[in-house]
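Trainee: Next come a sequence and a model predicted from it.
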Amino acid sequence: MGIVAKRPGVGVQIMKTRIIAAVAASALSGTAVPAGNLVYQPVNPAFGGSPLNGSWLQSDAQAQNIPQAADQRRQQVFNAVNQAATSRTLTPGQIFAQQLQSQLFSSLANQITQSIFGENARPNGTFTFQGTTIDFVRIGSDVRLTINDGQTITQVVVPAAP
C-alpha cells in the first residue's frame, strides 16, 4: 500500500491522519488496559532520591557555575602562558653555563660540608660567596647553620655525628 503524493507534505498528512485514527480506534475498543499508580521518585539524594545521583548532580551544578568556570579558564590560560615563558628554548651556551654554575655550587657545597662535618671539622666558621653568608656553630651534638642571602635569613639545625 503505497502513497504517492503530488504535492509535498500531502503524504505525511495522510500518514498522520491514519495514525490518529488507529490510536482512536484502539482507545474506543473498550479493551481493559492494566494501569498502576503513578509514584513520584525524587532525583536529588537530599530529598529522598538515589544516593548514586549525587556525584552526577554535583558535576552538573559545577558545569553550570559560570563564574567558577571563568576563573578556571583564566587559571588554565595563566598556567599555559607561564609554562611557555619558562620552557623557552635555550642555546647550547646557556645550557653549558647553567650546568657549569650547578657544578660550581655543588663543589662549593661539598667543601662547606667537609669543613663542618669532615675529619678536621671546625667548631664554627663563616663562608661568603656572591652576597650569601653561611655561618655555622656547633652546639652540643648539633650544628646550627645560618644562611643569609641578603633578602632572607634561614636557620637550619643539623644533628652532627659524634
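Mentor: Looks like it came in fine. Numbers count the residues shown, from 1 in each chain.
Trainee: From now on I want contacts and neighbour counts done on CA atoms only, so please keep to that.
Mentor: OK.
Trainee: and stretch 96-109, how far from the chain's centre?
Mentor: The gap between where stretch 96-109 is centred and where its chain is centred comes out at 34 Å by CA atoms, centre = their mean, to the nearest Å.
Trainee: I'd like to know which elements the longest helix anywhere in the chain is packed against.
Mentor: Assignment by DSSP state H gives helix 92-117 as the longest helix of the chain. Helices and strands touching helix 92-117, by 3 or more CA pairs under 8 Å, 6 or more residues apart in numbering; DSSP states H and E: there are none.
Trainee: Okay, now the sheet partners of the following helix or strand past it, with direction.
Mentor: Helices and strands here follow DSSP states H and E; after helix 92-117, the next one along the chain is strand 124-129. In the sheet, strand 124-129 lines up against strand 132-139 (antiparallel) (DSSP bridges).
Trainee: Distance from the chain centre to the partner strand, please.
Mentor: Offset of strand 132-139 from its chain centre (CA atoms, centre = their mean): 40 Å.
Trainee: what's the angle from it to helix 92-117?
Mentor: Per axes from the mean of the first three to the mean of the last three CA atoms, to 10 degrees, the angle that strand 132-139 makes with helix 92-117 is 20 degrees.
Trainee: Show me what strand 132-139 is in contact with.
Mentor: With contacts defined as CA atoms under 8 Å, 6 or more residues apart in numbering, strand 132-139 is touched by 116, 123-128, 143-150.
Trainee: what's the farthest-apart pair in those?
Mentor: 123 and 150 (24.5 Å; CA to CA).
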